[in-house]
Each structure stands twice: as C-alpha cells, then as structure tokens.
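Enquirer: A predicted structure for the sequence below; I have some questions about it.
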There are 2 protein chains.
Amino acid sequence: MASLGDLERSVMELLWDSAEPLTANDLRDELAAPGETAKDLAVTTVLTVLARLEKKGLVVRERSTRPHRYNASSTREDHTVNLLNEALGTAQDREAVLARFIGGISADEAATLRAILDAPKTA
Amino acid sequence: MASLGDLERSVMELLWDSAEPLTANDLRDELAAPGETAKDLAVTTVLTVLARLEKKGLVVRERSTRPHRYNASSTREDHTVNLLNEALGTAQDREAVLARFIGGISADEAATLRAILDAPKTA
DNA sequence: GAAATTATTCTACATCACGTAAAAATCACA
DNA sequence: TGTGATTTTTACGTGATGTAGAATAATTTC
C-alpha cells in the first residue's frame, strides 16, 4: 500500500528535499515553479493530496500552527528501502533474485556493497 | 507500468509456477482450488484478466491451439528483478539505499551476495 | 452438414484511486 | 464583527481492476 500517483509523488519529492516543513501554499508555488514539469494548481488541490498522503502515513501535519505545516514522515531513503523490501517479498527465490539484482549494479556500487558486506554486523 | 491487481497477481503466480502453459479453464480451476484464497470465478472473468495481462506484456498467448494456452512471458525472477530496479530508480542516493537494503538481509543471503560480488564480471 | 457444445470476444457495470477544484465552513486579526 | 486566509466538504472525470452476461465464433457430434 505504498503506490503514489504523479502529483502525490511530486509533492513527496518536494517534502523529502526540504529540510523545513512546508505549507500547502509553499508546495503550490514550488509545483508551479519551472523545473519540475511546472503545474499551476489550486491550493485546495494540494491540500487534498496532502490529506491523502497523510492518511497513507507518508506525511505528518502540524495542526498547531495556522497555515498547517507538512513534513514527510520518513526520509526518501527509508521509503525506497521499504519499496525494495516489498518488491523482494518473502518468496522462496529471494536469493536468486538478489543475486541477479546486485549482479546488475555498477562496479562502484558493487564495491560499496562489498565493503558493507565484509564489515562486521553491527546489529 | 507493472502494478498488478489481486486477481492479476494470482493468475501470474499460477502461470509462473506452471511449467506447462495453462488454459483459462485450468486457471479457473486452480483459482477455485482450496489453497490460494479460493475464488469461484466465471471463465470469462479469467479470460478478461488474461487479455489485460497480455496487453501489459506479462503473458503470452498461443492462439494456434483451440483452447488458447497462456504462458508468463518472463519468469517470476525476471519480474521481481525488474520491480527492484524500478524501485531503486536512478536517484542520486542509490548507493545509500542499496547499502541499507542489503544491510537488512539474512546472513545466508549476505554470504551468497559476497560470493557473487567477488566473482569476476562475466559481462 | 446442421445441431449442440465449447471457447473467445464484446460490452458493461461497480468500485476505487487519483487529479482537480469549487463551495462551504473556520479561523484569525484588524 | 467583518473580512481575508485557511481548511474541510463535496464533487466530478478518468483510468484500472474485478466481475461477468451476451454475442459471436469455432468444434464436435450425430
């Protein structure tokens, strides 16, 4: 239950990239700004999307301040890692899949992974 | 463009698990068989889903035989690897994500990966 | 070869997710 | 308290998916 529509994704990208929490108006402006497939949306549209993202647990809203402020509930990295784990699933062919998956990454990335794998478990 | 609905997924699972191509009737029976959240569907329903999966490129149909026979167009492994690559994306934080991702797998799996990574590229 | 059976394609509808936003309700401050 | 800003409600169009009846086509049977 973590699939996102185009607009939802755009909003999440902005929230992930922002250190500060953003308001609906901030987001509307950013979305209209040239750079990210500029859209010119009504604020209510942004608010609707934010409400949906909040319900999905991807966004947290500060109701204390008046123009409510929104934040991604977890980092983009966390999110992606979750997606990867969902995609990998609990199937029996996990190892085979993993093998092929990491077999397809770049040499640099492979080197990084090797380092990680060789490091002692810090669990 | 590779998301699947529940029924679509069930059908794909059956096709992936079957060495032989299956007919719509075969699939209807399998779906009704107790084990996989038994459903009791009309054959036309199965046919509709198969047509959609075919359009999505996930299924190949043999039109030569009369009861058409359906096959997964690629293995489940291929499919999952694709999903993983899609999820990983082309973002800049790929390495960080990969690190965390493989940091979360089992020791056995890690060992396998280490072997793979240490093996010479056969590209 | 015409009838009966089987299989495939068409057409259709309900539901849900998502993009989109006007209308209505609230809130805050002058 | 009136007015402007903000949020909540309500709503509609579209596309995906589950579901299947009706219509059509192909096979088999007598």
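Expert: Right, received. Where do you want to start?
Enquirer: The helix or strand harbouring A:N25 packs against which elements?
Expert: Element membership for A:N25 (DSSP states H and E) is helix A:24-32. Using 3 or more C-beta pairs under 8 Å, 6 or more residues apart in numbering or on different chains; DSSP states H and E, the elements in contact with helix A:24-32 are helix A:6-17, helix A:43-55. Just so you know, the C-beta spots here come from the backbone N, C-alpha and C atoms, and that holds for glycine as well.
Enquirer: Serialize these to CSV and add fields for mean pLDDT.
Expert: Listed next are the helices and strands packed on helix A:24-32 as CSV, based on pLDDT from 0 to 100:
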stretch, mean pLDDT
helix A:6-17, 97
helix A:43-55, 98
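Enquirer: Please name the nearest non-neighbouring residue to the residue nearest the centre of chain A.
Expert: What sits nearest the mean C-alpha location of chain A, by C-alpha atoms, centre = their mean, is A:R76, with 3.7 Å. Excluding the flanking residues, the one nearest A:R76 by C-beta to C-beta, 6 or more residues apart in numbering or on different chains is A:W16, at 4.0 Å.
Enquirer: What residues of the lowest-mean-pLDDT helix or strand in chain A count as buried?
Expert: None of the helices or strands of chain A scores lower by mean pLDDT, DSSP states H and E than helix A:107-118, at a mean of 89. For helix A:107-118, a neighbour-count test (16 or more other C-beta atoms under 10 Å in any protein chain shown) marks A:E109, A:A110, A:T112, A:L113, A:R114, A:I116, A:L117 as buried.
Enquirer: Just list what the helix or strand where A:D78 lies packs against, helices and strands only.
Expert: Per DSSP H and E, A:D78 falls inside helix A:76-88. In terms of contacts (3+ C-beta pairs under 8 Å, 6+ apart), helix A:76-88 is packed against helix A:6-17, helix A:94-103, helix B:76-88, helix B:94-103.
Enquirer: Next, the contact list for A:E54, please.
Expert: Listed by C-beta atoms under 8 Å, 6 or more residues apart in numbering or on different chains, the contact partners of A:E54 are A:V60, A:R61, A:Y70.
Enquirer: So which of those is surrounded by the most neighbours?
Expert: A:Y70 (26 neighbours; other C-beta atoms under 10 Å in any protein chain shown).
Enquirer: Hmm, A:N25 and it touching each other?
Expert: No - A:Y70 is not in contact with A:N25 according to C-beta atoms under 8 Å; the separation is 11.0 Å.
Enquirer: for the residue lying closest to A:A72 once chain neighbours are set aside, what are its contacts?
Expert: Using C-beta to C-beta, 6+ apart and skipping residues adjacent in sequence, the residue nearest A:A72 is A:L15, 4.2 Å away. By C-beta under 8 Å, 6+ apart, the contact set of A:L15 is A:L22, A:L27, A:V59, A:Y70, A:N71, A:A72.
Enquirer: Now do the helix holding A:D78 against helix B:76-88, angle only.
Expert: Angle of helix A:76-88 versus helix B:76-88, following axes from the mean of the first three to the mean of the last three C-alpha atoms, to 10 degrees, is 170 degrees.
Enquirer: Let me know the average pLDDT across helix A:76-88.
Expert: Across helix A:76-88, the average pLDDT comes to 94.
Enquirer: now check it, is it near DNA strand C?
Expert: No - using C-beta under 7 Å from any atom of the strand, we find that helix A:76-88 stays clear of DNA strand C, coming within 13.5 Å at best.
Enquirer: and what of stretch A:56-69?
Expert: Yes - Stretch A:56-69 reaches DNA strand C (C-beta under 7 Å from any atom of the strand) through A:K56, A:R66.
Enquirer: May I see the buried residues of that stretch?
Expert: A:L58, A:V59, A:R61, A:R69.
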